[in-house]
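Novice: Coordinates for the following, if possible.
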Amino acid sequence: MSDATIDKLQRRFDAEAASGMHEIFQFHFTDTGDHYLVVDDGTLEVHEGEHDDPSVSLSMSSETLKGIMKGEINGMTGFMTGKLKATGNVMLATQLTRLFPGH
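Specialist: Alright, predicted model coming up:
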């Protein structure tokens with residue numbers, strides 16, 4: 001994940017939407033290094049690598065993540081078409097657009 005993408009995630013993060021949430025989103029990218037997001041009661045940390053015990057693991061290309069974040073790709077559609085694979089608490093994946101609203 002590029003620094004620009006990480007900066008964008010930090011800027012778009014909705015702390016209010018994440019209030020009371022304690023989850024770890026693991027991202028496995030097909031075209032770049034793995035990263036994970038730690039959402040802890042309204043705060044966000046982005047880390048490189050793999051977490052030992054993520055709440056949900058998502059596998060996709062970085063382009064698919066960009067599409068989801070922009071609202072161009074619906075997470076459920078991505079899942080159904082195989083662009084997005086999820087394990088763990090897959091319902092958390094549906095929270096991404098709420099945590100990182102477009103505008």
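
Novice: Helix, strand, or coil at His47?
Specialist: Of the three states, His47 takes strand according to DSSP: H, G, I helix; E, B strand; the rest coil.

Novice: Next, the residue nearest to it when sequence neighbours are not counted: secondary structure please.
Specialist: Distances taken as Cβ to Cβ, 6 or more residues apart in numbering place Tyr36 nearest to His47, at 5.4 Å, with adjacent residues excluded. Backbone N, C-alpha and C define where each C-beta goes, glycine included. Here Tyr36 is strand, with the state taken from three-state DSSP.

Novice: Roughly how far does Tyr36 sit from Thr5?
Specialist: Using Cβ to Cβ, to the nearest Å, one obtains 14 Å as the distance from Tyr36 to Thr5.

Novice: Check Asn89 too.
Specialist: Distance from Asn89 to Thr5, counting by Cβ to Cβ: 23 Å.

Novice: Now do the strands in the protein.
Specialist: 22-29, 35-40, 43-48, 56-60, 85-88 (DSSP state E).

Novice: quick one: the residue nearest to His47 from Ser57, how far?
Specialist: Applying Cβ to Cβ to Tyr36 and Ser57 gives a distance of 9 Å.
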